[in-house]
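J.: Predicted model, plus sequence, below.
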Amino acid sequence: MAATIPASRTVRTVGASVALGLLGLVWFAPLLVLVTTALRTGADLASSGTISWPGSWTLDNFADAWKIGDFSTTYRNSLLIAVVKVPLGVAVSALLAYALAKLDLRFRRSVMFFVFLGLTVPLYIAIVPLFTMLRSVYLTDTLAGLLPAYLAFGIPFTTLVLHQFFRRVPDELIEAARIDGAGDFRIFWQFMLPLALPALVTVAILDTVATWNELLIALIMLSSPENSTLPLGMLNFSGAFSTNHTGLSAGILIAVVPILVLYALLQRWIVGGLTAGAVKG
Amino acid sequence: MTTAIPAEAARPARTPRPTTTPPRRRPRRHRPSAWAYAAPALLVYTGFLVYPALQSVYLSLTSWDGITPDKEFVGLDNYRHLADDPVIGTAVRNNLLWTLVTILLPMLLGLALALALNSRLVRGRSFLRTVFYAPAVLPLVSVATIWGWLYNPTDGAINEALTTLGLEALTHAWLGDDSTALWATMVPAVWVRTGFPLLLYLAALQGIPRELHESAAMDGANAWQRFRHVTLPGLRPTNHIVLALSLIESFKVFDLIYALTYGGPGRSTQVLGTWMYFNVFQYYQSGYGAAIAVVITLVAVFVGIPYVLSQTKD
Amino acid sequence: MTMDRRRFLSGAAALAAALGTAGGLTACGGGRLQASPDRLSLFTYLDATQAPLLDQVLDSFRDESGITVRHDTLPGSGAALFPDKVRTQLLGARPPDLFMMWGGQIAAPFIDAGQIAALDEVYARHGWDELLNPAAVRDMTFDGHRYGLPGVIANLGCWYRTDLFERAGVSVPTSYDELEDVCDRIVASGVVPLATGGVYGWDPMRLFEYLLEITAGPELHDRLLVGEASWDRAEVRDAFGLFRKWVERKWVPEGFLGITPDVADSYLTQGTGAFLITGQWQEYTNNASGLDPELFGTFVLPTGHDVVRTSGWTEGFFLSKASPNGENAARLFDFLLTPPAQETFAGFRTPLTDLAPDPGELPLNARWLELGRRHPHYVIQDQAFPKDVSDAYFQIQSDIAQDNVSPRDAAARMQDAVTTWKEGQVR
């Protein structure tokens, strides 16, 4: 390889990589504070403060955090919610986006407005009516009760992002498929979804993060410890008058690292998912 | 629909036009079956978002305290009260500033990073993509905790870094001063929110076929010209959606300010979102809080109009 | 404490009957709630250290009475979040029979809205007024009626680092003037005197209310807190002036308005701050820091008045008016006040006046139990005021700290906020 690349290009490669690497380091630095805090003893933190190199290292915080945050329960619950909610939310949104982008849905513009409106509704204002609604069907304090609310608040965002990607799929491609005898659903399934794979992965990641971190709805809807989700478990780290910072930092890492790993795995699908030329040039 | 963006983008280059289907308008024929695709999402959305939201419009016409079973109807009193609530003025101003900064910077940074992280010049792209996206996965309350440590006026990393760089004169109690607190909340916001445009731009860059770049390069276009005439037009739809979504997100800002400054010092960093929250939940003035929420929604709707129009024209 | 079971039971039955009617009148929407003979639900904000202690008590209560108490907790939610949760819980399909809540204006909205049952009769029957710390009973009293059972008392005092006092060459002050001198010398020794964090407003408020207790004195201070005396007066201006002095003389951290109280607390363990104005829980934090307990001391802040008062509050158990299980609740309340239950759950923060738990690991708490009985407490300002008035005060406090407003204007603005509150009550 190197032999075929002009020297100036190598220099630029190194230069660009180093520059970006340095920026990455600065970008990551605040997280480093989180990592060191999770890896030091409470006494060390108490005497040296958060912004200092740990005087003693320990992994105990993770074991403690696992217990305090009740992670065996909260992890299971959050995972359950995410595994059901994200695919379902992306699926129904994708169908709606498809109808909006390619199916000549009647009142298309009005429906777009209607969906767009949802982005603007602050969660805090809908929460009490939502609670009374779910109470009437005995779904408060159940994981199932979270689902409709989570879906509803995810739909506008996911739909609009997917709509924008679906629009870019050339009509010629669809017409060609239609001439070949493909129905609406087959076009959706065999053309739209694969072509929009980067977008699907993107919204799935964003949706997972939002679901994983959602606190307010869970806080208001759930009350039993056995139904708690991760963000609720995180509240256990704050006492009435003080916060267990080493445990909290370990807890945040336990909660967040799986999402980061998921992203690291999925991002190749964003970046490599659409083969060049699949979209007409 | 003839606006397949890449084709338009290819204008300056030698364009290999497909010889088969000529661009043509789809027949305007509404199909009832389309509703079957739209229905599931619309039903859930209407039932669990629109309906509760509409109830809050009703609440905004009452003096409900949030506890008592009775809700007294007071007409537009809550909306009139908006005019003589001094915090509203601060909040609107803060919202506008915050929105401006936390849209522009993450968009520009996200675009620049997406281009860099998509470039073959950079090694370790996959790793770096994770690094730059990492802040976006944190719960905002944790973000506030971390930045609270960094901003600590006595031993926080930010002031210590300034001191180390010989800029001791610039050290400041960033969050503890009316004049800097709002700006200080924007820094973590940019840090967290760059991940979103980064992700969307990365995805969008994949939609621009390599051949376009290659043919443009063969035509002698330099890097800037290729960016200007191939990449940028290809990103236009993404710009629209990133802008629209960020605008709404920024306008609705709540968590970060709530957790980092609690609207303070005093009320200097109150935004509409936090002020609504304080009224609904802490001051037992649900009716008034609902009125603020309705106003937030109305403003955001105006923001949405150009976006929706741009997305629905053929 | 002696107990007449039979009398208690008949009282409880009367209470239950009264509650039954009240519950029937207020029950709205989702139908009447069913009474259950052997169950109670309790909702608290106790954290991971406190909740198990209460659970122990609830277990022994079950063994004795056969009543199972389901205890749900929302730890770490604090006074900013917990009341919201209770509010929606009360709207819910299964509202808790009992919940914990801070006294004063945090509980007041629930009482105004008719959500909490009055306990006057139970109090009278059991003579609780005689058993309990009067300040605690006062904190559970609204419009002359007893509404909650005191759970724990908090007293605020000065908690300091003995080594840092020694290094600065100062000792425990016995007057406010001495305290000022102590602060100056601590600053000279390179340490921040009072570590306080202003993000939520309530931490520096503890300084202000102390200064106001000094300038106004107990009687006027109490009238100010209930809005009966005007804030637009010399004593209040003086207190704001003193507050400003603390900022100017750097007796509080520079930029304290932008740090959170728990960051400020860490100044004490790190040795960068000499003292805090805080309560009994500080000893747990000290012990957890791994530092030598000898490094920490505590004293009552001197006010110079005949009766030296501290700031404080009471957290109590409240019975939902809609609950059909009033009888069970009364039995639980009675059980909670037995000495063994108090020792387990409330410990040194007990509202009982004649309990003396073994100091053990918590000598400073033991000392505060005694100090708290000797020094009555005034209601901490952010519980004396409804939240919106507190927040209006916090803004004024922030403006004073930044020198955006004069003490004179600050006092006038404060009175405006109080006037609005009082007018709202009349309406």
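T.: Everything's here; your move. Numbering: from 1, shown residues only, chains lettered A, B, ... in the order given.

J.: just checking, residue B:308 touches residue A:112?
T.: Yes: in this structure, residue B:308 is within contact of residue A:112 by C-beta atoms under 8 Å, at 4.7 Å. Every C-beta, even on glycine, is put in place using the N, C-alpha and C of the backbone.

J.: which residues does the residue most central in space within chain B contact?
T.: Closest residue to the average C-alpha location of chain B: residue B:246 at 1.6 Å, with C-alpha atoms, centre = their mean. Counting by C-beta atoms under 8 Å, 6 or more residues apart in numbering or on different chains, residue B:246 touches B:102, B:103, B:106, B:107, B:193, B:196, B:197.

J.: quick one: the third one is in a helix?
T.: Yes: the assignment for residue B:106 (DSSP: H, G, I helix; E, B strand; the rest coil) places it in a helix.

J.: list the contacts for residue C:302?
T.: C:173, C:174, C:175, C:176, C:178, C:179, C:308.

J.: Which two among those are spaced furthest apart?
T.: Greatest spatial distance among the contacts of residue C:302 (C-beta to C-beta): C:178 and C:308, at 13.9 Å.

J.: In three-state terms, label the closest residue to chain C within the stretch 201-314 of chain B for me.
T.: Here the stretch 201-314 of chain B gets closest to chain C at one residue, residue B:266, 3.5 Å apart by C-beta to the nearest C-beta. Counting by three-state DSSP, the backbone at residue B:266 sits in coil.

J.: and if you look at residue C:378?
T.: Strictly by three-state DSSP, residue C:378 counts as strand.

J.: Without its sequence neighbours, what residue ends up closest to the one residue in the stretch 251-400 of chain C that gets nearest to chain B?
T.: Closest approach between the stretch 251-400 of chain C and chain B, counting by C-beta to the nearest C-beta: residue C:255, at 2.0 Å. Using C-beta to C-beta, 6 or more residues apart in numbering or on different chains and skipping residues adjacent in sequence, the residue nearest residue C:255 is residue B:173, 2.0 Å away.

J.: I figured the one you found hits residue C:247, correct?
T.: No: Residue B:173 is beyond contact range of residue C:247, at 11.4 Å (criterion: C-beta under 8 Å).

J.: from what I can see residue C:165 touches residue C:295, true?
T.: No: contact between residue C:165 and residue C:295 fails when scored by C-beta under 8 Å: they sit 10.1 Å apart.

J.: Among the two, which residue is more densely surrounded?
T.: Taking neighbours as other C-beta atoms under 10 Å in any protein chain shown, residue C:165 and residue C:295 compare with residue C:165 leading, 21 against 17.

J.: tell me which element the more buried one is part of?
T.: Using DSSP states H and E, residue C:165 maps to helix C:162-168.

J.: list the helices and strands that helix packs on?
T.: helix C:176-188, strand C:273-278, strand C:296-299 (3 or more C-beta pairs under 8 Å, 6 or more residues apart in numbering or on different chains; DSSP states H and E).

J.: Which strands or helices does the shortest one pack on?
T.: Using 3+ C-beta pairs under 8 Å, 6+ apart as the contact criterion, the elements in contact with strand C:296-299 are strand C:148-161, helix C:162-168, helix C:282-288, helix C:363-374.

J.: and the second one, which residues are buried?
T.: Right, the one you point to is helix C:162-168. When neighbours are counted by 16 or more other C-beta atoms under 10 Å in any protein chain shown, the buried residues of helix C:162-168 are found to be C:163, C:164, C:165, C:167, C:168.

J.: Just give me the neighbour total for residue 203.
T.: The chain I'm using is chain A. Around residue A:203 there are 28 residues (other C-beta under 10 Å).

J.: switch to chain B, that's the one I care about
T.: 27.

J.: And residue C:423, by the same measure?
T.: 9.

J.: Please tell me I have it right and residue C:326 contacts residue C:319.
T.: Yes: Residue C:326 is within contact range of residue C:319, at 6.4 Å (criterion: C-beta under 8 Å).

J.: who in chain B is up against chain C?
T.: B:65-69, B:148-149, B:151-155, B:172-178, B:181, B:184, B:261-262, B:264-268, B:278, B:281-285 (C-beta under 8 Å from any C-beta of the partner chain).

J.: and the closest residue to residue C:189 other than its chain neighbours, what is it in contact with?
T.: Using C-beta to C-beta, 6+ apart and skipping the chain neighbours, the partner closest in space to residue C:189 is residue C:168 (3.9 Å). Shown in contact with residue C:168 (C-beta under 8 Å, 6+ apart): C:182, C:185, C:186, C:188, C:189, C:191, C:274.

J.: From those, list the buried ones, please.
T.: C:182, C:185, C:186, C:189, C:191, C:274.

J.: hmm, back to that, distance of the residue nearest to residue C:189 from residue C:196?
T.: If you measure residue C:168 against residue C:196 using C-beta to C-beta, to the nearest Å, the figure is 18 Å.

J.: now swap in residue B:82 and tell me
T.: 34 Å.

J.: Repeat that for residue B:145.
T.: Residue B:145 is 19 Å from residue C:196, by C-beta to C-beta.

J.: same thing with residue B:274?
T.: 23 Å.

J.: And these two? Which one has more around it.
T.: Taking other C-beta under 10 Å, residue B:274 and residue C:196 do not tie; residue C:196 has more neighbours (28 against 24).

J.: Now for residue A:209: which residues touch it?
T.: By C-beta under 8 Å, 6+ apart, the neighbours of residue A:209 are A:259, B:136, B:137.

J.: And whichever strand or helix holds it, what's buried?
T.: Remark: residue A:209 resides in helix A:197-213, with elements defined by DSSP H and E. Of the residues in helix A:197-213, A:197-213 count as buried by neighbour count, 16+ other C-beta under 10 Å.

J.: Only alpha carbons, please: show whichever helix in chain C runs longest as CSV.
T.: Counting by DSSP state H, the longest helix found in chain C is helix C:202-225. What follows is helix C:202-225, C-alpha atoms only, in CSV (Å, rounded to 0.1, in the frame of the first residue of the first chain):
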residue,chain,number,x,y,z
TRP,C,202,-31.0,26.0,50.2
ASP,C,203,-27.4,25.6,51.4
PRO,C,204,-26.4,29.3,51.6
MET,C,205,-29.9,29.9,52.9
ARG,C,206,-28.8,28.2,56.1
LEU,C,207,-26.3,30.9,56.6
PHE,C,208,-28.9,33.7,55.9
GLU,C,209,-31.5,32.3,58.3
TYR,C,210,-28.8,32.0,61.0
LEU,C,211,-27.9,35.7,60.4
LEU,C,212,-31.6,36.6,60.5
GLU,C,213,-32.1,34.8,63.8
ILE,C,214,-29.2,36.9,65.1
THR,C,215,-30.5,40.3,63.9
ALA,C,216,-34.3,39.7,64.3
GLY,C,217,-34.3,37.4,67.4
PRO,C,218,-36.6,34.4,67.9
GLU,C,219,-39.9,36.2,68.3
LEU,C,220,-39.6,38.4,65.2
HIS,C,221,-38.0,35.7,63.2
ASP,C,222,-41.0,33.4,63.7
ARG,C,223,-43.4,36.2,62.8
LEU,C,224,-41.4,36.9,59.6
LEU,C,225,-41.5,33.2,58.7
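
J.: which bits of chain C sit near chain A?
T.: C:30, C:43, C:45-50, C:72-78, C:81, C:84-85, C:88-89, C:91-94, C:262, C:265-266, C:269-271, C:278-279, C:281-282, C:284-285, C:288-291.

J.: Are any of these buried, and if so which?
T.: Buried among the residues of chain C next to chain A by 16+ other C-beta under 10 Å: C:43, C:45-48, C:50, C:72-78, C:81, C:84-85, C:88-89, C:91-93, C:262, C:265-266, C:269-271, C:278-279, C:281-282, C:284-285, C:289, C:291.
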